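Sequence and predicted structure, then a few things I'm wondering about:
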2 protein chains.
Amino acid sequence: MERAKVRLYVDHALGEGQTVPLARDQAHYLFGVMRMGVGDAVALFNGRAGEWRAEVVEAGKRAGTLECVGQSAPQMDPPDLWLAFAPIKKARTDFIVEKATEMGARRILPVQTDFTNSERVRIDRLQAHCVEAAEQCGGTFVPEVAEPVKLGTLLSGWPEGRQLMFCDEALAGGPAALPTRSDAPWAILIGPEGGFSEAERARLRGMDQAHPVALGPRVLRADTAAVAALTLWQDRLGDWS
Amino acid sequence: MERAKVRLYVDHALGEGQTVPLARDQAHYLFGVMRMGVGDAVALFNGRAGEWRAEVVEAGKRAGTLECVGQSAPQMDPPDLWLAFAPIKKARTDFIVEKATEMGARRILPVQTDFTNSERVRIDRLQAHCVEAAEQCGGTFVPEVAEPVKLGTLLSGWPEGRQLMFCDEALAGGPAALPTRSDAPWAILIGPEGGFSEAERARLRGMDQAHPVALGPRVLRADTAAVAALTLWQDRLGDWS
């Protein structure tokens, strides 16, 4: 059976024989841009039910319908890992969100720190980037992008059992103090380009759940640090081993 | 002593009392854009002599002169690690080069594989990206970007002692088979978006120096794979521990 050339995220139930109506932009993409027609195969996922092979049963300019034929991959959820980061310039924030999806984070939290140049963050745009990244990387899960929150507020309501790997450029050259096993839920916190403030650093270090981690001897940009931290975590504690 | 707000790479000798003429674009940046003047401090590095604190002694619109006052950081070379990758879309190739500099690669090699959409690669532009990344990340070393080469040619002349970590999306979900110690020089090879061809894969697997490595269960884009592979290598074999 030929592999579907297009993967689409749909916010719709999927299952044997299930028909799925297409949104206007999806119909335009499949039939206008990709020149697909009735009978062509598309891979669908909804973030909950794995990947399904579907076929086009109706194709119009502004609408269309697919029908699920069979499941082509099981649902695969990433480990219970959050990525919290201070938004930076637009392109680099987009990049962090894309990479967090590929690398397998479950939830993405934009946080405002003392030294964040508080860029306006459009959650709907970031969420759309997650969907696109999941479509591209073959994933069946789409992380949720949370509403932006102040770091202090986030830490005040921090869930008791959730461990926190915080990456601070002030630690450059120090050891990566991550445990090698943990069944707890986790979060990664990436500092802003200007680093954490002293008050933030003191507060983080005072938390029982906090694990300060150095990312090598060179200072990394926030977007590089996000991918590097996700790699270390997945390699030691996540689903890479 | 106040920390210099600007770091500049210069292709010039650095040392106590050494004067350094500025190129036209550097003079424009310092005096036009950053509004600096005589007596202001600049951090200089040339990729060989560490970082030097310098002061502006002449400031003009199109030229200027700095004088080295004292060394502010020792030279720090990254481990003997090459990053070879198949160039992809422009923005993502730029990104890989930037990240390789931050993450500490010594040499960057664009390679053409069987499935590379052979994008034209402008070495001078990529080299300029390395310089900019080194200026930003506080590094004192600038990796060299090599002329593009076919993968087959590269492998035919492969240095006998250099180990090769090759990252192949076909391995997704498998183990990361990296040794935990090695004094040898290394290279990382990132496959193109379409993966390696069967012939390439067979050839790589037949090399004594080759270590196939999986980067988790999700398919990563080439730029993500580059940062993830550099992280794994630096963490296990490089200067992160």
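Perfect, thanks for sending it.

going forward, measure contacts between C-alpha atoms and count neighbours the same way
OK.

can you list the residues of chain A near chain B?
Neighbours of chain B within chain A, by CA under 8 Å from any CA of the partner chain: A:99, A:102-104, A:137-139, A:173-176, A:215-221, A:224, A:227-228, A:231-232, A:234-235, A:239-241.

In ChimeraX, how would I select just the buried ones from the residues you listed?
Applying 16 or more other CA atoms under 10 Å in any protein chain shown to the residues of chain A next to chain B, the buried members can be selected in ChimeraX as follows:
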select /A:99,102,103,104,137,138,139,173,174,176,215,216,217,218,219,220,221,224,227,228,231,232,234,235,239,240
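
Of the residues of chain A next to chain B, which belong to helices?
A:99, A:102-103, A:137, A:224, A:227-228, A:231-232, A:234-235 (DSSP state H).

so which one among those has the lowest pLDDT?
Minimum pLDDT for these is recorded at residue A:137 (87).

Low-confidence stretches in chain A?
Scanning chain A for pLDDT under 70 picks out A:1-2, A:117-119, A:171-176.

Which residue lies nearest the spatial centre of it?
residue A:101 (2.9 Å; CA atoms, centre = their mean).

Verify the stated contact: that one with residue A:143.
Yes. Using CA atoms under 8 Å, residue A:101 is in contact with residue A:143, at 6.4 Å.

Report the beta-bridge partner residues of residue A:165.
Applying DSSP bridges to residue A:165 gives these bridge partners: residue A:188, residue A:211.

Hmm, it is touching residue A:210, no?
Yes. Residue A:165 lies in contact with residue A:210 (CA under 8 Å); the separation is 6.0 Å.

the more surrounded of the two?
Between residue A:165 and residue A:210, counted using other CA atoms under 10 Å in any protein chain shown, residue A:165 has the larger neighbour count: 25 against 20.

what residues are shared contacts of residue A:101 and residue A:143?
Here residue A:101 and residue A:143 share the contacting residues residue A:130, scored by CA atoms under 8 Å, 6 or more residues apart in numbering or on different chains.

Could you report the neighbour count for residue A:206?
Here the number of neighbours of residue A:206 (other CA under 10 Å) works out to 10.

Look up how far residue A:164 lies from it.
12 Å (CA to CA, to the nearest Å).

Contacts only, for residue A:18.
Taking CA under 8 Å, 6+ apart, we find residue A:18 in contact with A:67-68.

what about residue A:77, neighbour count?
Residues near residue A:77, counting by other CA under 10 Å, number 17.

thought it was touching residue A:140?
Yes. Contact criterion CA under 8 Å: residue A:77 and residue A:140 qualify, at 7.4 Å.

Tell me how far stretch A:12-25 lies from the chain's centre.
Here the centre of stretch A:12-25 is set off from its chain's centre by 23 Å, with CA atoms, centre = their mean, to the nearest Å.

Can you give me the end-to-end span of it?
Taking CA to CA, stretch A:12-25 runs 16 Å from one end to the other.

How many neighbouring residues does residue A:237 have?
Neighbour tally, residue A:237, other CA under 10 Å: 19.

residues touching it, list them.
So residue A:237 contacts A:179-182 (CA under 8 Å, 6+ apart).

Was I right to think residue A:195 contacts residue A:170?
Yes. With contacts counted by CA under 8 Å, residue A:195 reaches residue A:170, the gap being 7.2 Å.

Same drill for the two, tell me which one is more crowded.
residue A:195 (20 against 13).

Quick check: which element contains the more buried one?
In the assignment (DSSP states H and E), residue A:195 maps to no helix and no strand.

same deal with the one 4 residues further on?
Assigned by DSSP H and E, residue A:199 belongs to helix A:198-205.

same for that helix, what does it pack against?
strand A:210-213 (3 or more CA pairs under 8 Å, 6 or more residues apart in numbering or on different chains; DSSP states H and E).

Pull the distance from the strand it packs on to the chain's centre.
On CA atoms, centre = their mean, the centre of strand A:210-213 falls 21 Å from that of its chain.

CA-only coordinates of that strand in CSV, if you can.
Provided in CSV are the C-alpha atoms of strand A:210-213 (Å, rounded to 0.1, in the frame of the first residue of the first chain):
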residue,chain,number,x,y,z
ALA,A,210,14.6,22.1,41.1
HIS,A,211,17.6,20.7,39.4
PRO,A,212,20.0,23.3,38.0
VAL,A,213,21.7,22.1,34.9
